[in-house]
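Q: I would like to see how this sequence folds:
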Amino acid sequence: MAAVVAASVRGAGRYRPPALTGLVDLLDRQVQERPFARALVVGGGRVHLSYRALAGLADDLAARLCGAGLGRGDAVGVLSANTAEFVVALLGAARAGLVVAPLDPALPASQLSARMEALGARAVLAGPPVTEVRLPVPVWPLHVAVSRAGSASVALAPGHAPHVRGASAELSGDDALVLFTAGTTALAKMVPLTHANVTASVQNICATYELGPGDATVAVMPFFHGHGLFAALLSSLASGGCVLLPESGRFSAGTFWDDMRAVAATWFTAVPAIHEILLDRSEQEYPGPQAPPLKFVRSCSAPLNTATQRALERTFGAPLLSAYGMTESSHQATSEPLPGRGELRQGSVGRPTGVEVRVVDRDGRACPAGVEGEVWVHGPTVARGYLADPDESSYSFVGGWLRTGDLGTLDEDGYLSLTGRIKNLINRGGEKIAPEHVEDILAGCPGVAEAAVFAVPDGTYGQLVGAAVVVRDGDVGVAEILRYCRDRLAAFEVPDRVEVVAALPYTAKGGLDRKAVQARYAP
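A: Okay, here's the model as predicted:
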């Protein structure tokens, strides 16, 4: 029987997700009911910003943007770390009817320029750490001042905002965001998300984890990516929770647990690489009984091996819930449920959350339970396509379904397990190998901290299997690693070449940078 699943959170009748229509009214309920509650805790000084104050700043900025000649449906970039400036820019631009394109501050000016020109943005709102950057569109410095007395102000230096040609011609007042895909296997694509997409995503995340005014978190993931934006920031604010923005607007393992205690955090979400860092440093830095009691810990954006998951749960005393999503699905599509709301199945990324998920064969037919195929997603969070890329849109979006490019299986109960990515498959003499599977096995080897598997060109087999491995214990060597693999992998999956390295390259969003791995280790 084909496993075609449309799942929802069990027991959802006991929880009502927040009512909203998009970014514009994201704060409204909290401003009406809890105006002086903490919305943000800002920076190293950990200054509190209330919902009323945050909404006031957003309204002030919206008026300034409209006064500068920007109008409904115009696109603006937001270039900032996880600071108050980012949050105010996002919500203020939304209240002005603009479409916001968050940008990675670490990108070189050439890439920022290319993205803004392709989009046709009329201006870029720049907060810290960006002090000066030259782009082909106007850059308007933005500063938010928050005092311990509770006062707050916004300063913007707008200038002329010329009309420019670009993909923004395809946008309308219904659109809220344009997010850029990771671009590690191809050039970054522009994904337009409507206010309806945002609403569905935020409500699904809130319902999955039953987020409310009693919850708080630390912003670990960057807000220019869907993981940090939807899961940490927007879902927290919509549900009345609190978000701590770390000093300098970026994650620091050295201050993380102090930040968690300062905000009385009840949960946090991160990529596996950050979970590994916290786990490796836990013996010296985890505060134990002094740590805030966590309802759950969430992992998303990359595969998490089961050994790390179990170790994290033992160390932090909270269930670790794996989730899965894509930029094109407004982040989350599936997640493991909260304890008591469903079974936790290690190795899976849970059940669909407010969307339908199919696993299909090459002909687009649903696969039976347990049979591997491509993961397709359908529902109110799925984007309409890509901007300025009709060919890729027609391939990736089929009849309202998103072809994710990920390989996986669904079990009889609708739990999704990911097995790899189609574009990453290694073809060794006709045998197709998912590097993610080999990496998961390598990560379970005693003494191995992390691993990256890649294709090595070969004249006989076409491709061989290469592996770059970071070890915790200097005593573990290549011979021991290969013996471990031979006991757990098919012969053709065992790496033909293993190299012990000091560190692996990661993207700014926390995922393994496979292009960099290939370039560095495959030749």
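Q: how many residues are close by Gly159?
A: The number of residues packed near Gly159 is 10, by other C-beta atoms under 10 Å. For glycine as for every other residue, the C-beta is placed from the backbone atoms N, C-alpha and C.
Q: for it, which non-adjacent residue is closest in space?
A: Pro138 (5.2 Å; C-beta to C-beta, 6 or more residues apart in numbering).
Q: let me know the pLDDT of that neighbour.
A: pLDDT recorded at Pro138 is 95.
Q: and it, how far from Ala157?
A: Computed with C-beta to C-beta, to the nearest Å, the distance linking Pro138 and Ala157 is 10 Å.
Q: likewise Ala149?
A: 25 Å.
Q: more neighbours: which of these two?
A: Legend: neighbour count by other C-beta under 10 Å for Ala149 and Ala157, higher for Ala157 (13 against 7).
Q: Pro136: helix or strand, and which one exactly?
A: Here Pro136 sits in a region with no helix or strand, counting by DSSP states H and E.
Q: so Tyr386 touches Leu402, yeah?
A: No. Tyr386 is beyond contact range of Leu402, at 11.1 Å (criterion: C-beta atoms under 8 Å).
Q: now for these two: what residues contact both?
A: Residues within reach of Tyr386 and of Leu402 at once, by C-beta atoms under 8 Å, 6 or more residues apart in numbering, are Ser396.
Q: where does pLDDT dip in the stretch 101-250 of the chain?
A: Regions of the stretch 101-250 of the chain meeting the criterion pLDDT under 70 cover residues 131, 182-187.
Q: correction: the previous question concerned the chain.
A: Using pLDDT under 70, the chain drops low at 1-13, 131, 182-187.
Q: show me it divided up by domain.
A: As given by automatic domain parsing, the domain ranges for the chain are 5-410, 425-521.
Q: with distance to Leu418 added, can I get the ones you listed in a markdown table?
A: Converted to a markdown table, these look like this (distance: least, C-beta to C-beta, whole Å):
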| stretch | distance to Leu418 |
| --- | --- |
| domain 5-410 | 4 |
| domain 425-521 | 7 |
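Q: pick the most buried one from those.
A: domain 5-410 (a mean of 20; mean count of other C-beta atoms under 10 Å).
Q: residues contacting the residue nearest to Gly159?
A: Pro138 neighbours (C-beta under 8 Å, 6+ apart): 122-124, 158-162.
Q: and Ala455, how far is that from Leu407?
A: As judged by C-beta to C-beta, Ala455 and Leu407 stand 16 Å apart.
Q: tell me where the stretch 151-300 of the chain has helices.
A: In the stretch 151-300 of the chain, the helices defined using DSSP state H, counting those that start in this stretch lie at 195-209, 226, 235-238, 256-262, 272-280, 282-285.
Q: CA atoms of the first one as CSV?
A: To tie it back to what came earlier, the one meant is helix 195-209. Presented in CSV, the C-alpha positions along helix 195-209 are these (Å, rounded to 0.1, in the frame of the first residue of the first chain):
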residue,chain,number,x,y,z
HIS,A,195,2.1,36.3,4.0
ALA,A,196,-0.1,33.2,3.7
ASN,A,197,3.0,31.0,3.5
VAL,A,198,4.5,32.7,6.5
THR,A,199,1.2,32.4,8.5
ALA,A,200,1.0,28.6,7.8
SER,A,201,4.6,28.0,8.6
VAL,A,202,4.5,29.9,11.9
GLN,A,203,1.2,28.3,13.0
ASN,A,204,2.5,24.8,12.1
ILE,A,205,5.7,25.3,14.1
CYS,A,206,3.9,26.7,17.1
ALA,A,207,1.4,23.8,17.0
THR,A,208,4.1,21.2,16.7
TYR,A,209,5.9,22.4,19.8
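Q: next one: it to chain centre, how far?
A: 14 Å (C-alpha atoms, centre = their mean, to the nearest Å).
Q: and what of the fourth one?
A: In terms of C-alpha atoms, centre = their mean, the centre of helix 256-262 is set 21 Å apart from its chain centre.
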